[in-house]
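A.B. asks: can't give you the sequence, but here's the structure:
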């Protein structure tokens, strides 16, 4: 029988902030919202890596969803290296789609991965705040805890104003600032005192 990890803490609804020494270039300078976390693993979305060749309007056109004059053309982000053909909409929790395909993250955030939310956003009936990503970041059992223990990530609360901030390039610095940390004080070398 497996024994539970004594240092396991549920990080659902929390931010991961990539440390400068994180070796994986896909996560360098990244800020990830953890959407689900359990002893079985974790799933999250990178919040600050825009896909330069894909816009929200492109996704709507490809899916043959009609747009209106007020349809937002938000950026589409690289959500992570897993299942990059799949789209996810992270949104404010007040939005409740007709179907039950919704993952409630916490009181501030929910995640939907259906065309219905895209149709609602295009029609002006969607959530008050939304963010679209292709792909997601995933960790197996104990993997995320190991990476945190190796000083690859910092964890922080996830204020909605930071998560949904339109300036993607400022999210890493903003997440660090929420912890009272200046990027200039971080080292790319990990270690223990």
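C.D. replies: Structure's in. What do you need? Values in this document were obtained by computation on a predicted structure and should not be read as measured data.
A.B. asks: give me phi/psi at the residue most central in space within the chain?
C.D. replies: Nearest to the mean C-alpha position of the chain, counting by CA atoms, centre = their mean, stands residue 45 at 2.6 Å. For residue 45, the backbone dihedrals (degrees, to the nearest 10) come out as phi -120, psi 130.
A.B. asks: what bridges to it?
C.D. replies: Beta-bridge pairing for residue 45 (DSSP bridges): residue 33.
A.B. asks: what sits against it?
C.D. replies: Residues in contact with residue 45 (CB atoms under 8 Å, 6 or more residues apart in numbering) are 32-33, 35, 77, 79-80, 88, 90, 111, 131, 133, 136-137. C-beta coordinates here come from the backbone N, C-alpha and C atoms, glycine included.
A.B. asks: mind putting those in JSON lines, secondary structure, neighbour count and pLDDT included?
C.D. replies: Converted to JSON lines, these look like this (DSSP: H, G, I helix; E, B strand; the rest coil; neighbours: other CB atoms under 10 Å; pLDDT from 0 to 100):
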{"residue": "32", "secondary structure": "strand", "neighbour count": "29", "pLDDT": "97"}
{"residue": "33", "secondary structure": "strand", "neighbour count": "25", "pLDDT": "97"}
{"residue": "35", "secondary structure": "strand", "neighbour count": "23", "pLDDT": "96"}
{"residue": "77", "secondary structure": "strand", "neighbour count": "22", "pLDDT": "93"}
{"residue": "79", "secondary structure": "coil", "neighbour count": "29", "pLDDT": "96"}
{"residue": "80", "secondary structure": "coil", "neighbour count": "23", "pLDDT": "95"}
{"residue": "88", "secondary structure": "strand", "neighbour count": "23", "pLDDT": "94"}
{"residue": "90", "secondary structure": "strand", "neighbour count": "25", "pLDDT": "95"}
{"residue": "111", "secondary structure": "strand", "neighbour count": "23", "pLDDT": "94"}
{"residue": "131", "secondary structure": "strand", "neighbour count": "25", "pLDDT": "91"}
{"residue": "133", "secondary structure": "strand", "neighbour count": "28", "pLDDT": "95"}
{"residue": "136", "secondary structure": "strand", "neighbour count": "23", "pLDDT": "96"}
{"residue": "137", "secondary structure": "strand", "neighbour count": "25", "pLDDT": "96"}
